[in-house]
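**Q** Following is a predicted model, sequence given first.
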Amino acid sequence: MLATLALTAIAMVTTATPASAHNVLISTDPAKNASLETGPARITLTFDAPVQGGDINQVAVTGPGGTRWAEGSVAINGNVVTAPVRPLGPAGVYTVGFRILSADGHPVEDQYTFTLTKAGNGTPATASAATGTSSSGGSSGVPVWVWVVGAVVLLVIGLTLALRMGRERNS
């Protein structure tokens, strides 16, 4: 009986996999593939779940010729990530790239583009200004995998104690 219980518990622990519920980007401002006459003051990314705080959260805006246009810190408010953008310069395609810390503790990264149809009078950001790292404001909760590992450790301890107590009674 105890052997069956032990084998069942071991099978459950070794075959269980953590849920892969990475955040999904549900909307952007400016919109994907949008054509704009004037550049945006900020990039806004909305996800389906809260974004965790941390230095991993970054937003970059790259313009024609590889120029950088994001400047300042990324702000996180629940599931919304915003990043300030300098006034844009040349007309052309701009790429918004992002990397965020998903609610499940895994990084999520992707990119999209928009087009500036009329040249602006802005100048690109310097390398040090275009870092786009998170300033805070978001959840700095414990990643899900920590809870899963803790539960497995507790299960193993409980199973070990139950098996030892069963042996002592049989002796």
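**A** Yep, it's here. Numbers count the residues shown, from 1 in each chain.

**Q** Now do the contacts for Asn79.
**A** Taking C-beta atoms under 8 Å, 6 or more residues apart in numbering, we find Asn79 in contact with 23, 46-51. (Each C-beta comes from the backbone N, C-alpha and C, glycine too.)

**Q** most surrounded residue in those?
**A** Val51 (27 neighbours; other C-beta atoms under 10 Å).

**Q** my guess is that residue meets Phe98, correct?
**A** No - applying C-beta atoms under 8 Å, one finds Val51 not in contact with Phe98, separated by 10.0 Å.

**Q** quick one: which of the contacts of Asn79 is nearest to Gly122?
**A** Thr46 (25.1 Å; C-beta to C-beta).

**Q** Spit out the contact partners of the closest one.
**A** Contacts for Thr46 (C-beta under 8 Å, 6+ apart) come out as 25-28, 79-81.

**Q** The residue lying closest to it once chain neighbours are set aside and Val81: what is the separation?
**A** Closest residue to Thr46 apart from its sequence neighbours, by C-beta to C-beta, 6 or more residues apart in numbering: Ser27 at 4.4 Å. Between Ser27 and Val81 the distance is 11 Å, computed by C-beta to C-beta, to the nearest Å.

**Q** Those two: which has the busier surroundings?
**A** Val81 (25 against 12).

**Q** is the more buried one in a bridge, and if so with what?
**A** Counting by DSSP bridges, Val81 forms beta bridges with Leu45, Ile76.

**Q** Where does Leu88 sit: helix, strand or coil?
**A** Assigned with DSSP: H, G, I helix; E, B strand; the rest coil, Leu88 falls in the coil class.
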